[in-house]
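Engineer: Mind looking at a prediction? Sequence and model below.
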Amino acid sequence: MNRRNFIALTAGAAAAGYGIGYFLPKTRADLLFLRPPGAVKNFESLCIKCGQCVQVCPYHSIGLLDITQGYSNGTSYIDAHKRGCYLCDLFPCVLACPSGALDHATTQISDVKMGVGVLRGREACLAYKNENVNLSGVTKMLERKIYNDREQAVKDAVQNSVDKPCDLCVSLCPVGDAAIAMAKSDGRNLPEFKQGCVGCGVCAEVCPAQIIDIAPNRGYDEIYKG
């Protein structure tokens, strides 16, 4: 290959690469993706996609977005329906972050502002329907791999809930009744999110009906009083 052809080939490759990057879709990532605890407002700009938070998470809650997510590709996120954040002691994900994308001032649960829980359709809620937990609704949770004692405790609680009235979202919340509690709606039980909800997503994970979502980077007042 002569010099002229080499230059033409490399220039073409560079242009193609630029084109791919140029056409990656821009998204409001702060509104779409649930980020690890301590995520700052300009998280997407500061995250260097090193994956350190993924490596140190003891619950395997954190993953990396793929190229289909455009400019968010490679940044860390949490899919709460698969595995919520258990707000573990010392927040190892925060301590492992070298870029400041996760604020090292996050040292306790009250510092966490990941989002807020939202109930989608109370008619499907087992508690509201006064139905017991069915084994088929929690089989996936019972069959997944367990990494530590906390996860084993969650699995045991889920197992013990079978054939009993459902309150998993409330009983397994790592924050407690400051974040979510059972309330009465039309004379029936229904989980109610409170001011203390930090958006960790455990409720979304353990809900047998899968009707709880987390609104990322939102506050309680914005969702419930706005």
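Structural biologist: Looks like it came in fine.
Engineer: in this structure, which helix or strand is least confident?
Structural biologist: Every helix and strand in the chain was compared by mean pLDDT, DSSP states H and E; the lowest is helix 3-22, with a mean of 38.
Engineer: what's the most centrally placed residue in the chain in contact with, if anything?
Structural biologist: The centre of the chain sits closest to Ile78, judged by Cα atoms, centre = their mean, with a distance of 3.3 Å. Going by Cβ atoms under 8 Å, 6 or more residues apart in numbering, Ile78 touches Leu34, Arg35, Pro36, Ser61, Ile62, Gly63, Gly84, Cys85, Met114, Gly201. All C-beta atoms are positioned from the backbone trio N, CA, C, and that covers glycine.
Engineer: For this protein, just list every one of the helices.
Structural biologist: For the chain, the helices defined by DSSP state H occupy 3-22, 29-32, 43-46, 52-56, 92-96, 135-143, 149-161, 168-171, 202-206, 220-224.
Engineer: then the fifth one to CSV, C-alphas only?
Structural biologist: In CSV, the C-alpha atoms belonging to helix 92-96 read as follows (Å, rounded to 0.1, in the frame of the first residue of the first chain):
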residue,chain,number,x,y,z
PRO,A,92,-18.2,1.4,48.2
CYS,A,93,-19.3,2.6,44.7
VAL,A,94,-18.9,6.2,45.8
LEU,A,95,-15.5,5.6,47.4
ALA,A,96,-14.3,3.8,44.2
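Engineer: partners of the nearest residue to Lys164 once chain neighbours are set aside in the sheet?
Structural biologist: Using Cβ to Cβ, 6 or more residues apart in numbering and skipping residues adjacent in sequence, the residue nearest Lys164 is Asn132, 5.6 Å away. For Asn132, the residues forming beta bridges with it (DSSP bridges) are Pro165.
Engineer: Now for Asn132, how many residues are close by?
Structural biologist: For Asn132, the neighbour count with other Cβ atoms under 10 Å is 15.
Engineer: Cross-check the contact I'm expecting between it and Leu168.
Structural biologist: No - between Asn132 and Leu168 there is no contact, the gap being 11.6 Å when judged by Cβ atoms under 8 Å.
Engineer: rewinding a little: in strands only, show me the contacts of Ile78.
Structural biologist: Ile62, Gly63 (DSSP state E).
Engineer: Tell me the buried residues within the contacts of Ile78.
Structural biologist: Leu34, Arg35, Pro36, Ser61, Ile62, Gly84, Cys85, Met114, Gly201 (16 or more other Cβ atoms under 10 Å).
Engineer: Quick check: phi and psi at the fourth one.
Structural biologist: The phi and psi values for Ser61, taken as degrees, to the nearest 10, are phi -80, psi -20.
Engineer: Hmm, it is touching Leu87, no?
Structural biologist: No - counting by Cβ under 8 Å, Ser61 stays clear of Leu87, with 10.0 Å between them.
Engineer: So, low pLDDT: which residues of this protein?
Structural biologist: 1-31 (pLDDT under 70).
Engineer: So the chain: which segments form each domain?
Structural biologist: Under the assignment automatic domain parsing, the domains of the chain span 3-111, 115-224.
Engineer: how far is the shortest one from where the chain is centred?
Structural biologist: Yep, that's domain 3-111 we're talking about. Mean-position distance between domain 3-111 and its chain equals 13 Å (Cα atoms, centre = their mean, to the nearest Å).
Engineer: Please apply the same query to the last one.
Structural biologist: Domain 115-224 has its average C-alpha position 14 Å from the chain's average C-alpha position, going by Cα atoms, centre = their mean.
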